[in-house]
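Participant: next comes the sequence, and after it the predicted model I'd like to discuss.
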Amino acid sequence: MADDTETVDRDTEATANALEPGRTSVDHGFTARVKRSETWRSMFRHPQLDTPRGRALQSFSNFFLHLYPVRIPKRVLRMRYSLRLGFIAAVLFGILLVTGVYLMFVYTPSVNSAYGDMQNLKTGVGFGQLIRNVHRWSAHLMVLVVALHLVRVFYAGAYKKPREFNWAIGVMLLLLTLGFSFTGYLLPWDQLSYWAVTVGTSLVHYVPLFGGTLEKLLIGGPQVGQSTLLRFYALHVAVLPASLVLLLSVHIWRVRKDGFAVQRSEPGAFSEEATERAAPAPAAAAMAKAAPELYGGRVRLLGVVDRESVTEADRPVDDTVYTWPHLIVRHVVVALGTAATVLALGVAFSAPLHEIANPNQTPISEKAPWYFAGLQELLSHFDPLVAGILVPAGAVITLVLLPYIDRNPDTRARYRKVAIATFSLLLAIIVVLTVIGVFFRGPEWKWVPFWQHSYVEL
Amino acid sequence: MDQPSRRDVLRTGWKIGGALLIGTAVYTGYEALRPLTTGATAGPVEVGPISSFAVGTPTYVPAGRLYMVNTGKKLLALSQKCPHLGCRVDFCDSSGWFQCPCHGSKYDIGGEWIEGPAPRGLDEYPDVSLAKDNKTVIVDTSKVDPGPPHGAHVYYAPRKGPNC
């Protein structure tokens, strides 16, 4: 037995010394021995060596770290580069999954017991109300952060080739996030949730031709009731999470494959796989012209690593750093900050629970959730078919098709004035409508500024 | 015509099989989601004795989620649901009109649209009948007629006073 351990020690020592020149001794402490054991090494196949090769092996052999490239452009480390919005959204989703599982242990999707379960969370379950608060705040923040992520990606021009399809997946993820929030909104079965969902689902009625059928499929009867609660619950805890995990995996995988950063227009831009779809670089283009039968169409050469053509020799300075630990440490800090934020919000502000849902009494001021308040404001001015169906559907279709419509390859703002101006105008309209709907509307959708009386509900 | 190769047959087979599988999945989804034919809330509802419906004052019937309105000429059973976005309309005694608390649509006592974003008047349950005792009124809520379009002016009643 002692011989075995010594053999392992010698092997490990040899490996460690080979990977890390200059290293001569082996630690004999308890933790070090555990880490050298066969069992440990069956789980973690490479020692944590603080050498370039060690870091690379660490990334390659670790499932979670493998989501990242081994090296990333240095500029990705700057907070203002991406504001970490996509990562924050993923962290919020993780928090929602964990808190959601806790809530599932307590909640029954029945009109007879759902509201009681909510009360029980408050009075009979330790930290129950806090879990619910954190779940609710994370949901609100996730909608906000995913929307801001989309806005950031637009302004950075990060939807352009080769990321067109990943942008479309991102739009789908935004829709799924809204679907999550909306289906979850009904579950407490109080007056707020019942009537907000009644208003929301009534919009479906205006879909041409199939509106009535679609509405019945969605709510499962003539009005929101037990069938609605059950199917919203099934969507909320099974269908939507499965869809979101699937699409999010593809989304993150594509971000990684496309080089983890927006391509810069100058030489030296970093890309891992973008070469395959990139336009031929001058040298390659010349070869394609000289021998089209050999190099025509897609050209990929050693050294052609980007659409702007750059070889290792041409790259003036290596602008990449190791993901582990530089980016990982930053991500851990952002994740902790996000968790702390939702926890603080959950402690400070409780999720509302109004009276039990009453189909025979609409509250004085009934509003859709804040992210649909802009739509509700639009609905008070235009025909429901236009404001409730055509405008939102048109917006979603335009967003999905945006990278295919905007063929300008430049990502720099000064060469995208029309696109940026149009997007900014539409964004401003959405923000203004939402602010009016949330802060300036009262009973019967009359103009009531929030400083006179607040009808804000979150 | 050439003999199809085994590869062709398999390719086509995969396509047909896949289409059948997707079709079955979609149909099963529809069957699972469509409202059940039994246990639905719509059906005959006893709304009270005929003598209890005074002219010009709607009576709210919670069991049927509807208003009974005696216009003097006809006994109407009007859905409580605002045809705009589904909120329950309230009756305002001072104006004599129905009004929706959500977006402010207004209807006269006969359910006709007066103002607001609603696309039509209040929906009506046309099947109003008397029970065997010849006193109790029964409304069948499984059959609904969409409310009258804008400007129909069938039962139009002007506003009596200020809005609520």
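Facilitator: It's in.
Participant: up against chain B, what does chain A have?
Facilitator: Contacts of chain A with chain B, taken as C-beta under 8 Å from any C-beta of the partner chain, map to A:195, A:198-199, A:201-203, A:216-217, A:220-223, A:225, A:227, A:231, A:359-366, A:376, A:379-381, A:383-384, A:443-446. Placement of C-beta: from N, CA and C, glycine included.
Participant: hmm, 7 Å instead?
Facilitator: With the criterion set to C-beta under 7 Å from any C-beta of the partner chain, chain A comes near chain B through A:195, A:198-199, A:202-203, A:216-217, A:220-222, A:225, A:227, A:231, A:359-362, A:364, A:366, A:379-380, A:384, A:443-446.
Participant: if any of the residues you listed are buried, give me the ChimeraX selection for them.
Facilitator: The buried residues among the residues of chain A next to chain B can be selected in ChimeraX (16 or more other C-beta atoms under 10 Å in any protein chain shown) with this line:
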select /A:195,198,199,202,203,216,217,220,221,222,225,227,231,359,361,362,366,379,380,384,443,444,445
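Participant: tell me which of the residues of chain A next to chain B fall in helices.
Facilitator: Of the residues of chain A next to chain B, the ones assigned to helices by DSSP state H are A:195, A:198-199, A:202, A:216-217, A:227, A:231, A:379, A:384.
Participant: where is pLDDT lowest across those?
Facilitator: The lowest pLDDT within those belongs to residue A:384, with 78.
Participant: spit out the contact partners of it.
Facilitator: By C-beta atoms under 7 Å, 6 or more residues apart in numbering or on different chains, residue A:384 lies in contact with A:203, A:206, B:84, B:119.
Participant: what residues are up against the second one?
Facilitator: If I follow you right, that is residue A:206. Per C-beta under 7 Å, 6+ apart, neighbours of residue A:206: A:384-385, A:388-389.
Participant: picking that back up, tell me the one of the contacts of residue A:384 nearest residue A:80?
Facilitator: Of all those, residue A:80 sits closest to residue A:203, with 37.9 Å by C-beta to C-beta.
Participant: what about the closest residue in space to that closest one that isn't next to it in sequence, how many residues close to it?
Facilitator: Spatial nearest neighbour of residue A:203, excluding adjacent residues (C-beta to C-beta, 6 or more residues apart in numbering or on different chains): residue A:388 at 4.3 Å. Residue A:388: 25 surrounding residues under other C-beta atoms under 10 Å in any protein chain shown.
Participant: residue A:159 now?
Facilitator: Neighbourhood size, residue A:159 [other C-beta under 10 Å]: 23.
Participant: what about stretch B:22-35 and chain A, touching?
Facilitator: Yes - for stretch B:22-35, a contact with chain A is found by C-beta under 7 Å from any C-beta, at B:33-35.
Participant: and if you look at stretch B:84-94?
Facilitator: Yes - residues of stretch B:84-94 contacting chain A under C-beta under 7 Å from any C-beta: B:84-88.
Participant: the residues you listed in strands, which ones?
Facilitator: Assigned to strands by DSSP state E, none of the residues of stretch B:84-94 next to chain A qualify.
Participant: hang on, the earlier thing: what's the farthest-apart pair in the ones in helices among the residues of chain A next to chain B?
Facilitator: The span of those, defined through C-beta to C-beta, is set by A:227 and A:379 at 25.3 Å.
Participant: so what's the closest residue to residue B:142 other than its chain neighbours up against?
Facilitator: Excluding the flanking residues, the one nearest residue B:142 by C-beta to C-beta, 6+ apart is residue B:42, at 4.0 Å. Going by C-beta under 7 Å, 6+ apart, residue B:42 touches A:222, B:141-142.
Participant: residue B:67 now?
Facilitator: B:58-60, B:78, B:80, B:91.
Participant: going by distance to residue A:351, which of those wins?
Facilitator: Using C-beta to C-beta, the contacts of residue B:67 come closest to residue A:351 at residue B:80, 28.8 Å.
Participant: so where's chain A uncertain?
Facilitator: The model of chain A has pLDDT under 70 over residues A:1-26, A:261-318.
Participant: domain ranges for it?
Facilitator: Domain segmentation of chain A under automatic domain parsing yields A:2-49, A:76-260+A:323-445, A:274-315.
Participant: so which of those domains gets nearest residue A:64?
Facilitator: Nearest to residue A:64 among the domains of chain A is domain A:76-260+A:323-445 (9.2 Å), distances taken as C-beta to C-beta.
Participant: how long is the closest one end to end?
Facilitator: Terminal residues of domain A:76-260+A:323-445 lie 45 Å apart, using C-alpha to C-alpha, to the nearest Å.
Participant: list the contacts of residue A:448.
Facilitator: By C-beta under 7 Å, 6+ apart, the contact list for residue A:448 reads A:440-442, A:455.
Participant: hmm, which two among these are most spread apart?
Facilitator: Spatially, the most separated pair among these is A:440 and A:455, at 9.1 Å (C-beta to C-beta).
Participant: residue of the stretch 201-350 of chain A nearest chain B, please.
Facilitator: Ranking the residues of the stretch 201-350 of chain A by distance to chain B (C-beta to the nearest C-beta) places residue A:202 first, at 3.7 Å.
Participant: quickly note the distance from the closest residue to residue A:100 other than its chain neighbours to residue A:93.
Facilitator: Once flanking residues are discounted, residue A:100 sits nearest to residue A:135: 6.2 Å by C-beta to C-beta, 6+ apart. The gap separating residue A:135 from residue A:93 is 12 Å, by C-beta to C-beta, to the nearest Å.
Participant: one more: residue B:163?
Facilitator: 46 Å.
Participant: which one's more surrounded, these two?
Facilitator: Using other C-beta under 10 Å, the more surrounded residue of residue B:163 and residue A:93 is residue A:93, with 23 against 13.
Participant: quick check: which element contains the more buried one?
Facilitator: Element membership for residue A:93 (DSSP states H and E) is helix A:85-106.
Participant: same for that helix, what does it pack against?
Facilitator: The contact analysis (3 or more C-beta pairs under 7 Å, 6 or more residues apart in numbering or on different chains; DSSP states H and E) places helix A:85-106 against helix A:114-123, helix A:128-156, helix A:323-348.
Participant: buried residues of that helix, list them for me.
Facilitator: A:85-93, A:95-96, A:99-100, A:102-103.
Participant: would you map the strands across the chain?
Facilitator: Unless you meant another one, I'm taking chain A. Along chain A, counting by DSSP E, strands occupy A:71-73, A:320-322.
Participant: can you look at chain B instead?
Facilitator: In chain B, strands defined by DSSP E lie at B:44-49, B:59-61, B:66-70, B:75-79, B:90-92, B:97-99, B:106-107, B:113-115, B:128-130, B:136-140, listed in chain order.
Participant: starting at the chain centroid, how far to the shortest one?
Facilitator: The one in question is strand B:106-107. Here the centre of strand B:106-107 is set off from its chain's centre by 16 Å, with C-alpha atoms, centre = their mean, to the nearest Å.
Participant: stretch B:107-119 vs chain A: in contact?
Facilitator: Yes - judged by C-beta under 7 Å from any C-beta, stretch B:107-119 comes into contact with chain A at B:117, B:119.
Participant: gap between the residue nearest the centre of chain A and residue A:150?
Facilitator: What sits nearest the mean C-alpha location of chain A, by C-alpha atoms, centre = their mean, is residue A:89, with 4.2 Å. Distance, residue A:89 to residue A:150, using C-beta to C-beta: 10 Å.
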